[in-house]
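Trainee: Would you be able to build a 3D model of this:
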Amino acid sequence: MYYEVGRMLLYTYLRLRNDLKFSGVENVPDGPVILACNHASYMDPVLVSIAFPGRERRVRWMAWDILFRVPVLGFLIRKLGAFPVVPETANRSAFEAAARILREGGIVGIFPEAGRTRTGEFQSAKPGFAWLAARTGAAVVPVVIRGSFRAWPLTEMLPGPGRVRIRFLPALYDGKAPLDRAAQAALCAEFESLERKYLAET
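Mentor: Below you'll find the predicted structure:
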C-alpha cells in the first residue's frame, strides 16, 4: 500500500511540475525484463519506475553506489528496490543480484552508459545488459528518457521544471534465442542506434 501511495504522489507531482508522460508501456512483456535506459539525470530511475503500478512489477535498479548517500534520493531509490554498483569494477555481486531478480520473473533497470551524460548527448553503451540477458533469458526493452537532462542537469543541486517524456520501445530481444558474444555485441549496437535516433527527435 505504501509503495503504491508513494508512486501515485510522485507521479502526480511530476505530471504537474514536469508534464510527465509515458508511451509504449505495453511493450514491456510479462516475465523477466531488462529495461535498458539512457541516463541523463538523478531523476531517471524514479521517472521510469513510476510507470509500473504495484510492488509485484516494480523495477529493481542497478544504481551507482554513491547515489545511496544522496539525501532524499538515496532513500527513494532504496525504497524502489535499487541495489548498488561500483563503477569501473567487475561488480560480480551486483550482476548476481540482478540475475536472481530476473530468474524470479522480475524487472531490472540498467543504464548501459554506466553514468550520467555530462552534455545531454548519449554516451557509448557497455554490453553488460546483453551479457545478463544471455545468462537469464530476460527480454531486453530499450527505454528513451527525454527531458530529464534539462530538468535536472549535473550543474544543479535540485530538479526543476521542464517537460519529460518516457518512451518504452518494442523489445530488442525476447529471451528465446541464444546470445553468443557476437549477438551480444550486435544487441548493444542496436540499442545505441535506437537511443541516438529517438533522443535526436525534436
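
Trainee: residue contacts, Pro142?
Mentor: For Pro142, the contacting residues are 36-37, 168-169, 172, 191, 194-195, by Cβ atoms under 8 Å, 6 or more residues apart in numbering. Where you see a C-beta, it was placed from the backbone N, CA and C, and this is true even at glycine.

Trainee: How much space separates Ile107 from Lys126?
Mentor: The spacing between Ile107 and Lys126, counted by Cβ to Cβ, to the nearest Å, is 20 Å.

Trainee: Of those two, give the one with the bigger neighbour count.
Mentor: Set side by side, Ile107 and Lys126 give different neighbour counts by other Cβ atoms under 10 Å, the larger being at Ile107 (24 against 15).

Trainee: any idea how far Cys37 is from the more buried one?
Mentor: For Ile107, the distance to Cys37 - Cβ to Cβ - is 12 Å.

Trainee: One more: Val108?
Mentor: From Val108 over to Cys37 the distance is 11 Å, taken as Cβ to Cβ.

Trainee: Repeat that for Ala99.
Mentor: As defined by Cβ to Cβ, Ala99 lies at a distance of 19 Å from Cys37.

Trainee: out of those two, which sits in the busier spot?
Mentor: Taking other Cβ under 10 Å, Ala99 and Cys37 do not tie; Cys37 has more neighbours (27 against 16).

Trainee: Would you reformat the contacts of Pro142 as a markdown table and include secondary structure, pLDDT and distance to Gly120?
Mentor: Listed next are the contacts of Pro142 as a markdown table, based on DSSP: H, G, I helix; E, B strand; the rest coil; pLDDT from 0 to 100; distance: Cβ to Cβ, whole Å:
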| residue | secondary structure | pLDDT | distance to Gly120 |
| --- | --- | --- | --- |
| Ala36 | strand | 97 | 19 |
| Cys37 | strand | 97 | 15 |
| Phe168 | strand | 97 | 21 |
| Leu169 | coil | 97 | 20 |
| Leu172 | coil | 96 | 24 |
| Phe191 | helix | 97 | 18 |
| Leu194 | helix | 95 | 17 |
| Glu195 | helix | 95 | 13 |
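
Trainee: name the element Glu121 belongs to?
Mentor: Taking DSSP states H and E as the definition, one finds Glu121 inside no helix or strand.

Trainee: One more: Ile145?
Mentor: Element membership of Ile145 [criterion: DSSP H and E] is strand 139-146.

Trainee: mind checking how far that strand is from the chain centre?
Mentor: Strand 139-146 has its C-alpha centroid displaced from the chain centroid by 7 Å (Cα atoms, centre = their mean, to the nearest Å).

Trainee: got it, and stretch 111-129?
Mentor: Average the C-alpha atoms of stretch 111-129, do the same for its chain, and the two points are 11 Å apart (Cα atoms, centre = their mean).

Trainee: same check, this time on stretch 182-200
Mentor: 15 Å.

Trainee: count of neighbours near Arg118?
Mentor: Arg118, neighbours per other Cβ under 10 Å, totals 12.
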